[in-house]
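Engineer: Okay, here's the prediction I keep looking at, along with the sequence it came from:
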Amino acid sequence: MKSRHLFFIFLIFTLISCGTKKSVKHIPEVEQYALEIPKVEKINDSTFSFHQNYLTKNRQQLWELYIKGNPLQLGYNNGALTQNLMQKQEEIFFSKVKTFVPSKFKQNLLRGFLKWYNRKMYLNVRDDFQAELYGLSQYSSDRYDYISPKFRRAMYLHGAHDIGHAMQDLMVVGCTSLAVWNENTEDGDLLIGRNFDFYVGDDFAKNKLIEFVEPETGIPYMSVSWPGMIGVVSGMNKEGITVTINAGKSKIPLTAKTPISLVTREILQYAKNIEEAIAIAKKRKVFVSESILVGSANDKKAVIIEVSPKNFGVYDVANSSKVFCTNHFQSDAYKNDKRNQKHIVESHSEYRYEKLQELLQTNKKLNPEKIASILRDKSGLEDKSIGYGNEKAINQLLAHHAVIFSPERRLVWVSSSPYQLGEFICYDLNEIFSDQRLKDGDFAKSELNIAKDPFIESKEFKDYEEFKFANGEVQHAIDGDDVVLTDDFIPNYQSLNPDFWLVYYQAGKYYFKQREYSKAKTEFEKALTKEITTVPDRENVEEFLRKTVRRLK
């Protein structure tokens with residue numbers, strides 16, 4: 001949990017640094033674009049419109065946005081329709097400042113290092129995307145202008161995903177994706193599934209946004225993300241090109257360049273096949289390491305484009321009809337990359353990769369429903385119970401969203417809350433980007449929806465939700481100076497998620513702080529019998545156990 005707090009600290013002060021006098025005062029040129037200031041009509045509490053553009057909330061509580069126009073008009077239409085949602089997302093981010101960094105002295109120290117961090121990002125962002133961001137930013141809150149002006153704030157927030165996983169020893173993202181075709185699917189068509197495990201708090205994930213964008217130039221596309229985002233983390237265009245991103249291991253970058261979500265946005269808007277997608281990715285300068293799984297209806301296959309600040313590779317499985325992507329690189333370009341090799345050994349990426357292989361051995365001839373069951377799988381290798389929320393599982397019970405693509409049919413299924421356990425809603429891009437959508441007035445093809453996971457109704461799920469709250473209480477007791485838990489709290493806490501190593505590690509740390517070293521030793525020893533997420537996590541448990549044994553002597 002502390003590592004995710006570091007993410008917010010790093011991001012927020014990166015933004016604060018951009019409000020200094022020395023920061024670049026860049027504003028994009030937008031005069032060349034025709035603009036009509038949107039006058040939004042409120043149809044009801046969950047539906048808003050402006051000409052053919054509109055925002056509505058579906059029965060699964062996901063927001064659906066349709067916008068069209070030139071770059072500047074797209075930004076204005078987006079901002080006008082989603083203003084309340086976008087400002088709520090800003091509030092969620094920036095409310096963390098006082099919570100995590102109350103000290104003015106520490107703020108100044110961080111500002112001194114980060115004041116120049118984003119100074120050159122605009123040089124690496126397309127002019128049309130800058131114009132769109134400028135239009136969007138006009139609807140940002142005035143409350144945070146002291147941090148940085150609206151346009152720069154909107155642009156820098158698009159680096160949140162990049163900054164989050166670039167922190168040393170921090171994986172705010174641990175995504176899993178797969179693509180299968182030919183003999184691996186029921187009808188031979190290409191199918192792609194992905195979990196987007198980007199977790200920055202429950203509040204952040206409440207307002208999910210499915211965007212359907214019809215730009216004046218380029219290819220119409222859909223994307224799943226959050227209000228205020230024009231980049232793409234999961235999406236498909238009308239030509240049947242799909243993109244999903246998976247974080248690789250990165251150093252903390254010393255200057256921001258092109259956010260990866262804007263690289264994938266460019267691929268969706270301008271690529272019709274894999275060759276064009278590779279060409280776009282190759283010409284952009286990124287500042288983190290990332291795998292981009294690209295599926296293509298025209299090529300009837302998928303590849304992984306692997307990018308980093310100093311390297312570029314393409315993983316193309318020429319003799320296979322499936323490709324898996326977790327959080328390590330697989331192309332020849334990274335065979336000798338020491339950081340990647342270390343990441344494979346120490347992280348949970350290889351474990352999830354092996355789990356995908358295992359699941360495909362037992363799930364033959366995949367269809368969208370079977371892909372959904374794979375994305376929802378909570379077990380370890382050989383169906384071992386490894387605790388709910390374990391990052392070695394395909395389903396870590398923290399996903400912002402999951403998506404399933406059928407590129408050749410132009411169908412996409414988007415999960416609903418909680419996590420990826422709710423109903424998957426089906427959308428047909430052929431209908432949405434046609435006059436048929438205007439006649440029907442509906443985005444989804446509900447007859448093709450995938451049912452919610454029965455796990456939602458189980459006692460285990462209710463226990464998991466209670467465990468999350470209890471874990472926060474234990475962490476508060478570990479961090480605080482005068483917090484003492486009741487005698488029955490720890491046993492009850494552990495009973496909520498008994499196979500998860502973390503409940504024993506946390507209990508051990510609590511008892512260690514209370515100087516109950518015999519109890520602490522027992523808990524650390526229990527933790528070591530469970531499936532611990534990473535090598536560094538295991539080393540932390542072992543180090544605490546050694547310290548505890550020394551105190552007992």
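Structural biologist: That came in fine, so what should we check first?
Engineer: for this protein, which spans come out with low pLDDT?
Structural biologist: 1-24, 96-119, 160-161, 163-173, 200, 250-254, 436-442 (pLDDT under 70).
Engineer: and the gap between the spatially most central residue of it and residue 430?
Structural biologist: The residue lying closest to the centre of the chain (C-alpha atoms, centre = their mean) is residue 198, at 3.1 Å. Remark: distance between residue 198 and residue 430 (C-beta to C-beta, to the nearest Å) = 29 Å. The way it works is simple: take the backbone N, C-alpha and C, and place the C-beta from them, glycine included.
Engineer: With residue 371 instead?
Structural biologist: Counting by C-beta to C-beta, the gap from residue 371 to residue 430 is 20 Å.
Engineer: Over to residue 355?
Structural biologist: Distance from residue 355 to residue 430, by C-beta to C-beta: 34 Å.
Engineer: Settle it for me: which of these two has more neighbours?
Structural biologist: More crowded of residue 355 and residue 430, by other C-beta atoms under 10 Å: residue 355, with 24 against 12.
Engineer: ok, now which ones touch the closest residue to residue 159 other than its chain neighbours?
Structural biologist: What sits nearest to residue 159 in space, not counting adjacent residues and going by C-beta to C-beta, 6 or more residues apart in numbering, is residue 259, at 4.6 Å. For residue 259, the contact set (C-beta atoms under 8 Å, 6 or more residues apart in numbering) comprises 121, 125, 158-159, 161-162, 231.
Engineer: For ChimeraX, write the selection for the buried entries among the residues you listed.
Structural biologist: Listed next is the ChimeraX selection for buried residues among those, using 16 or more other C-beta atoms under 10 Å:
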select :121,125,158,159,161,162,231
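Engineer: Now flag whichever of the contacts of residue 259 is closest to residue 389.
Structural biologist: Lowest distance from residue 389 to those (C-beta to C-beta) belongs to residue 161, with 21.0 Å.
Engineer: I figured residue 360 was touching residue 185, is that so?
Structural biologist: No: contact criterion C-beta atoms under 8 Å: residue 360 and residue 185 do not qualify, at 11.1 Å.
Engineer: Of these two, which one has the most company?
Structural biologist: residue 185 (21 against 17).
Engineer: List the residues that contact the more buried one.
Structural biologist: 191, 365-367.
Engineer: out of the residues you listed, which are buried?
Structural biologist: For the contacts of residue 185, buried by 16+ other C-beta under 10 Å: 191, 366-367.
Engineer: can you count the residues close to residue 542?
Structural biologist: The burial count for residue 542: 14, using other C-beta under 10 Å.
Engineer: Pretty sure it sits against residue 532.
Structural biologist: No: counting by C-beta under 8 Å, residue 532 is not a contact partner of residue 542; they are 9.7 Å apart.
Engineer: Can you point out the buried residues in the particular helix or strand that has residue 537 in it?
Structural biologist: Using DSSP states H and E, residue 537 sits within helix 535-552. For helix 535-552, a neighbour-count test (16+ other C-beta under 10 Å) marks 537-538, 540-541, 544-545, 548 as buried.
Engineer: In the stretch 401-550 of the chain, mark out all the strands, start to finish.
Structural biologist: 401-406, 411-414, 425-428 (DSSP state E, counting those that start in this stretch).
Engineer: what's the answer for the stretch 101-250 of the chain, then?
Structural biologist: 176-180, 191-196, 209-215, 221-225, 234-237, 241-247.
Engineer: mind putting the ones you listed in TSV, distance to residue 95 included?
Structural biologist: Formatted as TSV, these follow (distance: least, C-beta to C-beta, whole Å):
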stretch	distance to residue 95
strand 176-180	30
strand 191-196	23
strand 209-215	20
strand 221-225	20
strand 234-237	26
strand 241-247	25
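Engineer: Determine the residues that are contacts of both of residue 360 and residue 185.
Structural biologist: residue 366.
Engineer: I figured residue 328 hits residue 347, correct?
Structural biologist: Yes: the criterion here is C-beta under 8 Å, and residue 328 meets it with residue 347 at 7.4 Å.
Engineer: who touches residue 390 in this structure?
Structural biologist: Taking C-beta under 8 Å, 6+ apart, we find residue 390 in contact with 380, 396, 500-501, 531, 533.
Engineer: same thing with residue 528?
Structural biologist: 501, 538, 541-542, 545.
Engineer: The same query, at a cut-off of 10 Å, please.
Structural biologist: 501, 504-505, 538, 541-542, 545 (C-beta atoms under 10 Å, 6 or more residues apart in numbering).
Engineer: again, but for residue 327
Structural biologist: Residue 327 makes contacts with 165, 171, 173-176, 197, 246-249, 289-291, 340, 343-344, 347-350, 352-353, 391, as judged by C-beta under 10 Å, 6+ apart.
Engineer: Just these: which are in helices?
Structural biologist: 165, 340, 343-344, 349-350, 352-353 (DSSP state H).
Engineer: List just the one of the strands of the stretch 401-550 of the chain that sits closest to residue 44.
Structural biologist: Here strand 425-428 is closest among the strands of the stretch 401-550 of the chain (C-beta to C-beta), at 19.9 Å.
Engineer: can you give me the helices for the stretch 201-350 of the chain?
Structural biologist: For the stretch 201-350 of the chain, the helices defined by DSSP state H, counting those that start in this stretch occupy 260-270, 274-283, 338-346, 349-362.
Engineer: Deepest-packed of those helices, please.
Structural biologist: Greatest average neighbour count among the helices of the stretch 201-350 of the chain goes to helix 260-270 (a mean of 25), per mean count of other C-beta atoms under 10 Å.
Engineer: Would you mind writing the CA trace of it as PDB?
Structural biologist: Taking C-alpha atoms only, helix 260-270 is exported to PDB below (Å, rounded to 0.1, in the frame of the first residue of the first chain):
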ATOM      1  CA  ILE A 260       2.400   5.500 -23.900                       C
ATOM      2  CA  SER A 261      -1.400   6.000 -23.900                       C
ATOM      3  CA  LEU A 262      -0.900   8.700 -26.600                       C
ATOM      4  CA  VAL A 263       1.200   6.300 -28.700                       C
ATOM      5  CA  THR A 264      -1.600   3.700 -28.600                       C
ATOM      6  CA  ARG A 265      -4.200   6.400 -29.300                       C
ATOM      7  CA  GLU A 266      -2.200   7.300 -32.500                       C
ATOM      8  CA  ILE A 267      -2.100   3.600 -33.500                       C
ATOM      9  CA  LEU A 268      -5.900   3.300 -33.200                       C
ATOM     10  CA  GLN A 269      -6.600   6.500 -35.000                       C
ATOM     11  CA  TYR A 270      -4.200   6.000 -37.900                       C
END
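Engineer: what's the angle between it and strand 209-215?
Structural biologist: What separates the directions of helix 260-270 and strand 209-215 is an angle of 50 degrees, with axes from the mean of the first three to the mean of the last three C-alpha atoms, to 10 degrees.
Engineer: ok, residue 542 to residue 286 distance?
Structural biologist: Taken as C-beta to C-beta, the span from residue 542 to residue 286 is 36 Å.
Engineer: again with residue 450
Structural biologist: 34 Å.
Engineer: The two: which is more packed in?
Structural biologist: residue 286 (23 against 19).
Engineer: Enumerate the beta-bridge partners assigned to that one.
Structural biologist: residue 258 (DSSP bridges).
Engineer: and if you look at the one 10 residues further on?
Structural biologist: Bridge pairing for residue 296 (DSSP bridges) gives the partners residue 241, residue 301.
Engineer: Can you get me a residue count around it?
Structural biologist: Residue 296, neighbours per other C-beta under 10 Å, totals 24.
Engineer: try residue 179
Structural biologist: Neighbours of residue 179 (other C-beta under 10 Å): 29.
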